[in-house]
Structure formats: C-alpha cells, structure tokens
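*Asks:* Starting from these lines, generate the structure:
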Amino acid sequence: MKKNYIRLFVPALIFSLFLFAIGCRKINEATDVGADLIPAVDNIHTFDTTITVEAYNDTFGLANDSQYLGRSEEMFLGKINNDPFFGKTDAQMFFELKPTVYGAYPFARKDSVKLDSVVLILNYLETYGDTNTAQTLKVYELDQTNNFTSDSAYLIRKQNFTFNTAAPLSLPGQTFLPRNLNDSVKAFRDTTVNQLRIKLDTAFARRLFNYDTTNAYKTDSIFRSLFKGFAVRSEGSGNAIMGFSLAGINTKLAIYYNYPKPAGAGRDTTVNYFFFTTLSAAANYVGRDYTGTPVASAAGVATPAPFVYLQNSPGTFATIKIPALTGMSNRLIHRAELIAEQIYDISDSTFFSPELLYMDAYDPAISTGKKFRSIPFDILYSLPDFGQPTNLPTFGVAPLYTIDGFGNKIRTWHFNISRYVQNVLTSKRPLYDLRLYSPFFMTNRYENGTAEATSFSSIFGLNSSIAKGRIRLGGGNHPTQKMRLRIIYSKL
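*Replies:* This is a model prediction of the structure:
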C-alpha cells in the first residue's frame, strides 16, 4: 500500500550503505515472540539464513469472495475518489427503520398536524480517509421489488438493490465534512454527539402520518409492503468512507411536528421516532474500482512483484511462493518466520493500515469447498472448540513497529511458520502456495490429525470491520525491503 518515491533519487553510495546495513542486521534481527527459547546464532551450533520468496498480486472478485455482513455489524457510507494506490471505493447503505410496536398509531394525533421537519439520523462511529473533503449524501426509497429481509445477510461486494435515482427523499444541497460528525448536536429533545443528520422531504413524513392501524401500522409485513426501506449513498466528491452503527442509539428517523393544544391554547411541538428494530433488514455495499492504479497493473501478473498490495474486505490478496524450500536438506528448525515490511508513502497518514493480516495455504488436495487451509501445525485450536484459533497473536497477525531507512515509522509482520517448515523439510507435508490478505472473516480447513477425513471447516473473524485499511508491502524482489523467510536452525 505505500511507497516513498524519494528513494528513487537516493545517491548510489547511500543506497549501497543501506543494503550493507540490511545485510549486517540479518543475524541480529529481532524475533520478539519466543526469543528466549531460540538459541543464540553463533554459526557453529546455530545458524541463520534468509530465503528468497516470490509474491504475486491479485484482487478478490465475486467468484472467490463470499464475504457477507450481518445486520448488526459496522457499516460504511461514502466515497473514496483518489487513493493513489488503490483507486476508488463506493460504500452505500440499505436499511429499514420502523415503529417499535404495531397495532397502535405512532403519532400523537392525525388531524390538524403541521409538519416541521423529518430527519434521517445515523449513529456515527469513525472515518477512514480524508476528513476534510466534503461529501454530498442522498437518501432514496428502495423499490418494492427488492428482496430485503431481516433474516438475510448480503454480499458486501454485490449491489442487488434498486431505487429511483430521479426521486430522492432527501432535500437538495446537503454536504457534510466527515471531521464534523463527532461534534455536539443540539436539536429538539436530542442533544448529543456522533450523529449524521440528513433532512428529508416532509412529503415523505406526510405519507407516514396518513398510514393508520388498518394498513401500515397493523403488522410489520404490511408496513414493509408499503415502505421497503432507505438507500443512502454519497454522490460527487469525497475521499473517505464513514462508519455507522444501525443498532446504535443515535440511529433513527425523527419526525418533528406540532398540533393544537386543547381549548385553543396554542400548539405543542413534539417528535416521534422510527428505529432500527429486530425486524429491520440491513445491507452494506462496498465497491472497489482499481482502474488505472498500481493495483490494477500488478494484479494477475505472472512475474514476481516488487510490491504487495493488501486491502481489507472486499479487497486484494497476495500469493506467496517459497520455491527455495524444495530440496533443502533436513535440519532442526528453531524458528522460521515470513517477514513483510511496509513501504511507506505519505498517503499512509490518510489511508491507514489494516489492523491485522492473515496467512493461509492453498491445498489442491481439499476435496470439497474452498481449497484453503490454515498453515499446518502453526495455527492451533483448543479442541473440541472449533471457533477462534488460540494462537493468532504468536502466529503474527499483528504488526511490529520499526523504522525504515528514511526514518519513517513502519509496520512489519513476522509470521511464525516454524512447525510447518520443519514438516516440509522432513517430507511430512507438501510445499503449499501461501495466501496473504486482510480479511474481515475467513473460512479455513483445519487439520485435526493428518488425514483430510479428520479435518473440519473453521470460520472466524479477524479485523474489527470491513472496508477500512490498506497497505503496501515490499515483495520478494523489492530493492531494499524484501519480503523473506528467515530461518534459525541447527544442523542434524
């Protein structure tokens, strides 16, 4: 994800000294996890070697990405129009807000009502990207032909929903700066923070007032047949996506109105809310467009890449090959770690790194389903609990923080694949192609024994949300920050 092009102009002498420093660092390079258990490298009893790896970029598509999103997860809204490496992102939200009960009219009274305003309010969580570029958000009504239900989850990279773009529910000219969304809001009976407020046409509120308990407010199914839900998207400029919680207390449809007091004593103002209830459907579409970007140029290329581009779901991945392990003599492996370093670019301060990365293995011998399995022997479960692996931190999904040759703080990943490498060298396991990526949830086969018949499918979460986070790493043939396999071993 990131790169400082100033490096291209560094004088040859400084470049040579930097390469020398990299070479001198090899023996003393920190292992961090389990360092007290690894013998000191003395080149007599214990040795240290670095093996070249090959990296190949690609992007996930509908054919190989079945990432669904539950209705209670964080959802994103907005547009990124100019990520210099990863291009564009379009995040749209679809959801229902409803009365909390049926069989009762939700408003104070139907006659003599004067509508003041109607506001769609979303519970704001965070922004990923440029907080200083304004975005124009528009709200539409979903067509009744949409199949949209609360008991379904929807693919995040597929936009299945239709709405009339010629008839927005929102009033025109509403732009927002993401940086202001956590400011204090003072509204009638609603003084709080972390709200996105979009004003809608009062004609929509009039529809809600005109419904009654003989139709819309009688049952949820009838209400759904009259109003399918909202579609919200950003249109025009923008360089960020914003995260929201539909289940949060700040998400609601607020209908402000006034009505006559008894005996002609003036008018009362009040507000009624529709909420995201247990009967509400929700979906999040996140589209990626890599046209004209380094990602597009690198994806699917058959030659090893100097850069690796990783983006959170729905995003990208890299295939890692280690052909030098083939034919290597057997030895006692104290530690084998795949090391990947961030290549810094100034845009990293705007489009920050994923929280965690994961690595698994492509196994063509898997007979059914996806042919990816957890790294054999190095991902552990507490059986018979087949949920979250127990050793993700020591496996290396989280980065360490180091300084590159130009003084930039960068993230470096050290994936511990020691047991797997040992078993490759003793010919107990084949040499797999590895997959490096930044998933929200992933599905792996996990081996409970040594036979495919004793393995099981494991589904678990990694990053805290979809959509946010991307990084550019050095590939196996990067000139200064190579991806590599470091092995500490003893001869047999």
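
*Asks:* residues in contact with Glu141?
*Replies:* With contacts defined as CB atoms under 8 Å, 6 or more residues apart in numbering, Glu141 is in contact with 163-164, 167, 169, 204, 227-231. The way it works is simple: take the backbone N, C-alpha and C, and place the C-beta from them, glycine included.

*Asks:* bridging residues for it?
*Replies:* Phe230 (DSSP bridges).

*Asks:* for the stretch 101-250 of the chain, what spans make up the helices?
*Replies:* Counting by DSSP state H, counting those that start in this stretch, one finds helices in the stretch 101-250 of the chain at the ranges 202-210, 220-226.

*Asks:* In CSV, list those along with distance to Gln174, mean pLDDT and mean neighbour count.
*Replies:* Converted to CSV, the helices of the stretch 101-250 of the chain look like this (distance: least, CB to CB, whole Å; pLDDT from 0 to 100; neighbours: other CB atoms under 10 Å):
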stretch, distance to Gln174, mean pLDDT, mean neighbour count
helix 202-210, 15, 94, 16
helix 220-226, 26, 97, 15
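
*Asks:* right, and these - which one's nearest Arg157?
*Replies:* Of all the helices of the stretch 101-250 of the chain, helix 220-226 sits nearest to Arg157, with 25.7 Å by CB to CB.

*Asks:* What are the contacting residues of the closest one?
*Replies:* The contact list for helix 220-226, computed with CB under 8 Å, 6+ apart, reads 96, 98-99, 102, 144, 211, 215-217, 279.

*Asks:* from memory Pro376 sits against Ala361, does it?
*Replies:* Yes. The criterion here is CB atoms under 8 Å, and Pro376 meets it with Ala361 at 7.1 Å.

*Asks:* which one of these two has more residues nearby?
*Replies:* Applying other CB atoms under 10 Å to Pro376 and Ala361 shows that Ala361 carries more neighbours, namely 24 against 20.

*Asks:* check which helix or strand covers that one.
*Replies:* strand 358-362 (DSSP states H and E).

*Asks:* That strand packs against which elements?
*Replies:* Judged by 3 or more CB pairs under 8 Å, 6 or more residues apart in numbering; DSSP states H and E, strand 358-362 is in contact with strand 372-374, strand 433-437, strand 441-446.

*Asks:* Which positions in it come out as buried?
*Replies:* 358-361 (16 or more other CB atoms under 10 Å).

*Asks:* Now render those residues as TSV, adding distance to Lys370.
*Replies:* What follows is the buried residues of strand 358-362, written out as TSV (distance: CB to CB, whole Å):
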residue	distance to Lys370
Tyr358	14
Met359	15
Asp360	10
Ala361	12
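
*Asks:* In JSON lines: these, plus pLDDT.
*Replies:* Shown next, in JSON lines, are the buried residues of strand 358-362 (pLDDT from 0 to 100):
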{"residue": "Tyr358", "pLDDT": "98"}
{"residue": "Met359", "pLDDT": "98"}
{"residue": "Asp360", "pLDDT": "96"}
{"residue": "Ala361", "pLDDT": "96"}
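
*Asks:* For the stretch 201-350 of the chain, which segments are assigned as strands?
*Replies:* Taking DSSP state E, counting those that start in this stretch as the criterion, the stretch 201-350 of the chain carries its strands at 230-235, 239-245, 252-260, 267-275, 282-289, 307-311, 316-321, 332-341.

*Asks:* between the ones you listed, which one is nearest to Val139?
*Replies:* strand 230-235 (5.2 Å).

*Asks:* I appreciate the help and will end here.
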